[in-house]
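Engineer: Below: sequence and its predicted model.
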Amino acid sequence: MQNLKSSIFALNSYIAAMNAYKHNREIILLGLAPVTDDVKGMWHQGYPVHQGETESSINFATLYAHEQGIIPDQILLRQEWLNFVDTLLTAGFHVHIVPFPEELNQPDSLYHDAVFIRDAGLIFRGIWIKSRFSVKDRIYEGEFHTKLIEEKLGKTVVSLPEGAFLEGGDINYIETCQGSFYFGGLSRSNRLGHDFVREIIRPDHYVLIESEGYHLDTVFTPVVTADNCLAAVIITADMISETSMQKIQALGIRVIEVSAMDSSGVDEKLGDYAVNALIAPGIMVNSAYFGTPGVEALLKEMGIQRFVTPLTSFRYAGGSVHCLTNEIY
């Protein structure tokens, strides 16, 4: 236990030093759940299979892990997470680590994916727009995340109206030289939820997307150049409806199509979730290089600095860099 405390102290000291001069964008992370006598680590009983209101909202990765009987190696998981934090700092992000809610780290409350703080809500200026999960096993995540955000960051909590569903993984919001863009997924979220957020943040461009991904960020990522202009969107085209593709193309932004293996996978093969990326002007951080031919060359041509940090243990939960982070706008 003393070694763990020393490691955490050293990590926090390192983060403080790096944060002193890294200020491209502020993000929050949720710390890993501590190992206790009763809880032997993240997903130590296996990965829970979650599904929202629609058939396409099932998390294929967790279904794959469940069928394969995969249990994460806790040493590898923690090392990957530490490397992930180091990569974010190196990439120029100002990092805030919020402690994992003790209430969710109990033997009778392990059927969640709480480490994916992206899903719990959206920070916009002085407020925290709290998600309402369509996945019943994740409802309590929103409550405990909200409590932490309220206490640690002093944000005012805004709740969704009755009948609205919204999960943060279905939101990709960016402010660019062409104005602000709000891309909203219609898998585990609904139009009522997105429209509510739209009235609050009033983006210049508002596009709702129907996809087979259980969250939009598993099939879609913007690409923003160093001069803060939206240069392209990377999408898993086969997993997005034709109508939604037409809406995206109507923006006049370059569309880069990638294969399903750069997303959740195809048939019974699990993908690497490369498309689940955290972006900032001229920067992209994800857990794998894109396997689709030509994509990495295009990113290099656009001047995008690439940072790759493997997240094997989190991939089996269907999450990656974008899921583990949340911007402070």
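Structural biologist: Noted; the coordinates are in hand.

Engineer: In contact with the residue lying closest to residue 311 once chain neighbours are set aside, which residues?
Structural biologist: Leaving aside its sequence neighbours, residue 311 sits nearest to residue 287 (Cβ to Cβ, 6 or more residues apart in numbering; 4.3 Å). Glycine gets a C-beta too; all of them are placed from N, C-alpha and C. Shown in contact with residue 287 (Cβ atoms under 8 Å, 6 or more residues apart in numbering): 272-274, 276, 308-311, 314-315, 320-321.

Engineer: For the residues you listed, which PyMOL command selects only the ones that are buried?
Structural biologist: The buried residues among those can be selected in PyMOL (16 or more other Cβ atoms under 10 Å) with this line:
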select buried, resi 272+273+274+276+309+310+311+314+315+320+321
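
Engineer: okay if I get the contacts of residue 287 as TSV plus pLDDT and distance to residue 181?
Structural biologist: Output for these, formatted as TSV (pLDDT from 0 to 100; distance: Cβ to Cβ, whole Å):
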residue	pLDDT	distance to residue 181
272	95	26
273	96	22
274	97	21
276	97	18
308	98	25
309	98	26
310	97	29
311	97	26
314	94	26
315	94	27
320	96	21
321	98	20
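
Engineer: Among the contacts of residue 287, which are located in strands?
Structural biologist: By the criterion of DSSP state E, membership of the contacts of residue 287 in strands covers residue 308.

Engineer: Now render the contacts of residue 287 as TSV, adding distance to residue 143.
Structural biologist: Shown next, in TSV, are these (distance: Cβ to Cβ, whole Å):
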residue	distance to residue 143
272	32
273	27
274	32
276	25
308	34
309	30
310	32
311	26
314	23
315	27
320	25
321	25
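
Engineer: What is the nearest of the contacts of residue 287 to residue 115?
Structural biologist: Relative to residue 115, the closest of these is residue 314; by Cβ to Cβ it sits at 7.6 Å.

Engineer: Out of the contacts of residue 287, which comes closest to residue 107?
Structural biologist: Closest to residue 107, out of all of the contacts of residue 287 and judged by Cβ to Cβ, is residue 314, at 21.8 Å.

Engineer: count of residues packed around the nearest residue to residue 258 once chain neighbours are set aside?
Structural biologist: The shortest distance from residue 258 to any non-neighbouring residue, by Cβ to Cβ, 6+ apart, is to residue 292 (4.2 Å). Number of residues near residue 292 (other Cβ atoms under 10 Å) recorded here: 19.

Engineer: what does residue 90 give?
Structural biologist: Neighbours of residue 90 using other Cβ under 10 Å come to 13.

Engineer: got the contact list for it?
Structural biologist: Listed by Cβ under 8 Å, 6+ apart, the contact partners of residue 90 are residue 307.

Engineer: Distance of the nearest residue to residue 244 once chain neighbours are set aside relative to residue 251?
Structural biologist: Counting by Cβ to Cβ, 6+ apart, residue 209 is the residue found nearest to residue 244 once chain neighbours are left out, at 4.3 Å. Separation of residue 209 from residue 251 (Cβ to Cβ, to the nearest Å): 12 Å.
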